[in-house]
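J.: Sequence and predicted model, in that order:
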Amino acid sequence: MIGLPDKTRTYCFFLEEDMNRYLLKKALDQAGTTHDFSDIWETAMRLGQKDIFDLL
């Protein structure tokens, strides 16, 4: 992202966050074992998406 205008860089950052959250949600839909859920939890913590397991 070197050489990109600040506005574009900010947009890419938010797009990446949204994509990470979407993929975590899809992973939750596909998870079938305790190990799957543990992996998703660890990834969510690393990405700062601590609320991914909250019920709606």
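T.: Nice, thanks for sending it over. Nothing here was measured: the structure is a model prediction, and the numbers come from that model. Residues are numbered from 1 along each chain as shown.
J.: contacts for the strand or helix carrying E42?
T.: Using DSSP states H and E, E42 sits within helix 34-47. With contact meaning CB atoms under 8 Å, 6 or more residues apart in numbering, helix 34-47 is reached by 20, 24, 27-28, 30-31, 50, 52-53. Just so you know, the C-beta spots here come from the backbone N, C-alpha and C atoms, and that holds for glycine as well.
J.: Please list only the buried members of those.
T.: 20, 24, 27, 52 (16 or more other CB atoms under 10 Å).
J.: just to revisit the earlier point, for the contacts of helix 34-47, give me a markdown table that also has secondary structure, pLDDT and distance to I40.
T.: Shown next, in a markdown table, are the contacts of helix 34-47 (DSSP: H, G, I helix; E, B strand; the rest coil; pLDDT from 0 to 100; distance: CB to CB, whole Å):
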| residue | secondary structure | pLDDT | distance to I40 |
| --- | --- | --- | --- |
| N20 | helix | 90 | 12 |
| L24 | helix | 92 | 6 |
| A27 | helix | 94 | 5 |
| L28 | helix | 92 | 6 |
| Q30 | helix | 94 | 9 |
| A31 | coil | 94 | 6 |
| K50 | helix | 87 | 12 |
| I52 | helix | 87 | 7 |
| F53 | helix | 86 | 8 |
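J.: how about those residues, which pair is most distant?
T.: Within these, Q30 and K50 form the most distant pair, 20.4 Å apart (CB to CB).
J.: Just give me the neighbour total for M45.
T.: 11 (other CB atoms under 10 Å).
J.: do you know how far it is from F53?
T.: 10 Å (CB to CB, to the nearest Å).
J.: Then S38?
T.: 11 Å.
J.: which stretches of this structure have low pLDDT?
T.: For the chain, residues meeting the criterion pLDDT under 70 lie at 1-14, 55-56.
J.: A31: what's it in contact with?
T.: 37, 40.
J.: Got the phi and psi for it?
T.: phi -60, psi 140 (degrees, to the nearest 10).
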